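1. my questions concern the predicted model and sequence given below.
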Amino acid sequence: ETPGKFTYRAFLKMLRKLAEHNLAGEDVVSRVRKRLSPKEDESMSELKKRIRMLEAMTPDELDSDQREIFSHSALKLIAEAAESEKRDVEQLLSEHEQRK
């Protein structure tokens, strides 16, 4: 990774750490709360979906920090591989741009 460059690979690592942290901090009380509050479950499933989209990218895409690397067909392939919609991939790319 290039210092000072927030690549899609770095974004993937960040989201994986966030997911690990969420799972590691889970105890009996929080699991009971999840059953009472489905929003927490929804946010974790959304996080997992974003990770799947990033995992569906090619090595060249992951090593880039530029949205322009993604062709229309690449966006469709990523969405299909991650079992999501093209608009979800576009939203993920927008989120990456905001975090750069």
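-> In hand now; what should we look at?
2. check contacts around the residue nearest the centre of the chain.
-> What sits nearest the mean C-alpha location of the chain, by C-alpha atoms, centre = their mean, is residue 50, with 2.6 Å. Counting by C-beta atoms under 8 Å, 6 or more residues apart in numbering, residue 50 touches 15, 92, 95. Yep, even glycine has a C-beta here, placed from its N, CA and C like the rest.
3. if we go by neighbour counts, what in whichever strand or helix holds residue 92 is buried?
-> Using DSSP states H and E, residue 92 sits within helix 86-99. Neighbour counts using 16 or more other C-beta atoms under 10 Å place 88-89, 92-93, 96 of helix 86-99 among the buried residues.
4. just want the angle from the host helix or strand of residue 79 to helix 86-99.
-> Counting by DSSP H and E, the element that carries residue 79 is helix 72-81. Orientation check (axes from the mean of the first three to the mean of the last three C-alpha atoms, to 10 degrees): helix 72-81 against helix 86-99 gives 110 degrees.
5. can you list contacts of stretch 91-100?
-> 6, 8, 11, 50, 53-54, 65, 67, 70.
6. of those residues, buried ones?
-> Buried members of the contacts of stretch 91-100, scored by 16+ other C-beta under 10 Å, are 8, 11, 50, 53-54, 65, 70.
7. those in strands, which ones?
-> Of those, none are assigned to strands by DSSP state E.
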